[in-house]
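K.L.:
Dropping the sequence and predicted coords here.
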Amino acid sequence: MLTDRQREILEYLIQYLSERGYPPTLREIGAYFGIASTNGVRRHLEALRKKGYVGITSAASRGLEILKSADGADYEGFSRRAEIPGQRIPRLGAIAAGGPIEAIEHREGELTIDPDFFPNAESCFALRVEGESMIEIGILDGDAVIVDSKAPCRSGDVVAAILDEEATVKRLSRENGRVYLIPENARYEPILVEEDRPFRIAGKVVGVMRRM
């Protein structure tokens, strides 16, 4: 038998899935029912799994499968197995992790990211990394960095910067009224941004994607 809370959660999952075609995340379930921690949500889902009402198909944020409705009948709703949705963002070409290269303007296509990992996905874009100046923090040649164009950029953040109309990814540093772009590779020197040099920050680097 389902408890009242388990029944409520199951009916919420079914309604959400029927309306959107994919299940809610743990945080969305918690927010809807006022459950403070994701561990609390997991306990309810695990109880539903043990009773045969849901399947947990993967460790993904939306990896749930509805097996039975609340009355115990096999679930025949909109979609028995959920597909994990993604947010498509523009892939704008290359950015240097070395010396600056020509500014990013060319759109190479799109990249799909999980909005649970990037909650501001609508303001993000992807850039292909060329060079090794950031390898000591795990940004490698050939990676794609995810850049949030609307995130505040503070001293110490890793940013995509445009200097003299050329693009580079570096750590931003502001010291004594001066701006530096700091590499994360001991073989490279910091770049001092002179006051008369055209300079802007395209956004904050919020993630890295890599094809193995």
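P.N.:
Structure received.

K.L.:
Mind checking what helix or strand follows the lowest-mean-pLDDT helix or strand in the chain in sequence?
P.N.:
Sorting the helices and strands of the chain by mean pLDDT, DSSP states H and E puts strand 101-102 at the bottom, at a mean of 57. Later in the chain than strand 101-102, the nearest helix or strand by DSSP states H and E is strand 109-113.

K.L.:
can I get the CA coordinates of that following strand in CSV?
P.N.:
The C-alpha coordinates for strand 109-113 follow below in CSV (Å, rounded to 0.1, in the frame of the first residue of the first chain):
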residue,chain,number,x,y,z
GLY,A,109,26.3,24.8,-34.7
GLU,A,110,24.6,23.9,-31.5
LEU,A,111,25.4,21.9,-28.3
THR,A,112,22.9,20.3,-26.0
ILE,A,113,23.4,20.8,-22.2
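
K.L.:
distance of Gly30 from Asp148?
P.N.:
24 Å (CB to CB, to the nearest Å). From N, CA and C alone the C-beta is placed, and that goes for glycine too.

K.L.:
higher neighbour count, those two?
P.N.:
Shown here are Gly30 and Asp148; by other CB atoms under 10 Å, Asp148 has more neighbours (22 against 19).

K.L.:
That one and Val206 touch, don't they?
P.N.:
Yes: applying CB atoms under 8 Å as the test, Asp148 and Val206 come out as touching, 4.8 Å apart.

K.L.:
Using the three-state scheme, assign Ser18.
P.N.:
helix (DSSP: H, G, I helix; E, B strand; the rest coil).

K.L.:
Tell me how the chain divides into domains.
P.N.:
Domain assignment of the chain by automatic domain parsing yields the ranges 4-66, 87-209.

K.L.:
Can you give me the end-to-end span of the shortest one?
P.N.:
Going back to what we said before, that points to domain 4-66. Domain 4-66 has an end-to-end distance of 18 Å (criterion: CA to CA, to the nearest Å).

K.L.:
One more: stretch 156-172?
P.N.:
5 Å.

K.L.:
how about it: buried residues?
P.N.:
157-163, 166-172 (16 or more other CB atoms under 10 Å).

K.L.:
Send over stretch 38-51 as PDB, restricted to the C-alpha atoms.
P.N.:
Taking C-alpha atoms only, stretch 38-51 is exported to PDB below (Å, rounded to 0.1, in the frame of the first residue of the first chain):
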ATOM      1  CA  THR A  38      17.200  15.900  -2.200                       C
ATOM      2  CA  ASN A  39      17.900  13.000   0.100                       C
ATOM      3  CA  GLY A  40      14.400  13.200   1.400                       C
ATOM      4  CA  VAL A  41      13.000  13.100  -2.100                       C
ATOM      5  CA  ARG A  42      15.300  10.100  -2.900                       C
ATOM      6  CA  ARG A  43      13.800   8.200   0.100                       C
ATOM      7  CA  HIS A  44      10.300   8.600  -1.200                       C
ATOM      8  CA  LEU A  45      11.300   7.600  -4.700                       C
ATOM      9  CA  GLU A  46      13.200   4.600  -3.400                       C
ATOM     10  CA  ALA A  47      10.100   3.500  -1.500                       C
ATOM     11  CA  LEU A  48       8.000   3.800  -4.700                       C
ATOM     12  CA  ARG A  49      10.700   1.800  -6.600                       C
ATOM     13  CA  LYS A  50      10.600  -1.000  -4.000                       C
ATOM     14  CA  LYS A  51       6.800  -1.100  -4.300                       C
END
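
K.L.:
Good, wrapping up.
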